[in-house]
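Enquirer: what would the 3D arrangement of this be:
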Amino acid sequence: MMSDEQQIKETVQTYFDCMYESSAEKTHAAFHPNAKITGYLEDGLHEMSVEEFAGLVSSQQPSAKEKGEAARLDIISIEIAGDTAVTRVRDDYLGMTFLDTLSLLRVEGQWSIYNKLFHVEGPAG
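Expert: Numbers count the residues shown, from 1 in each chain. Sure thing, here's the model as predicted:
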């Protein structure tokens, strides 16, 4: 049986893959249905539901993977407290480097992202 940390890493990988592959299906697999995706871009505060984020992700065609872009996902930290966890990850997406704070919940034995706060550090690279 996988440890909580291994399961969380798998969920984070699915989250990254949803963006890298422009997959709405993987977005829904990584996120809790009630999750929120929130952060600032150049034009101000953005707040999205999972449906809205899945639409944004799937609209990126061709996907970063299909374009042959380098995949970058660094898991900086994971802290687990019972059925909750927080992880910080750095990833490149849409030409930008993001520092994401992901809050996760374990529901019926499955870890999923319940909240994503994103911060743009600068251009990808």
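
Enquirer: which residues touch the nearest residue to Gln7 once chain neighbours are set aside?
Expert: Residue nearest to Gln7 in three dimensions, not counting chain neighbours: Trp111, with 5.0 Å by C-beta to C-beta, 6 or more residues apart in numbering. Every C-beta, even on glycine, is put in place using the N, C-alpha and C of the backbone. Neighbour list for Trp111: 4, 7-8, 10-11, 85, 104-105 [criterion: C-beta atoms under 8 Å, 6 or more residues apart in numbering].

Enquirer: name the helix or strand for the closest residue to Leu94 other than its chain neighbours, please.
Expert: Excluding the flanking residues, the one nearest Leu94 by C-beta to C-beta, 6+ apart is Gln60, at 7.1 Å. For Gln60, there is no helix or strand it lies in under DSSP states H and E.

Enquirer: got the phi/psi numbers for Gln60?
Expert: Main-chain dihedrals, Gln60, degrees, to the nearest 10: phi -80, psi 90.

Enquirer: what is the burial count for it?
Expert: Using other C-beta atoms under 10 Å, Gln60 has 16 other residues around it.

Enquirer: then Ile76?
Expert: Around Ile76 there are 11 residues (other C-beta under 10 Å).

Enquirer: show me the longest strand that occurs in this structure.
Expert: strand 110-123 (DSSP state E).

Enquirer: tell me the spacing between the residue nearest to Gln7 and Asn34.
Expert: Per C-beta to C-beta, to the nearest Å, Trp111 is found 15 Å from Asn34.

Enquirer: fine by me, thanks again.
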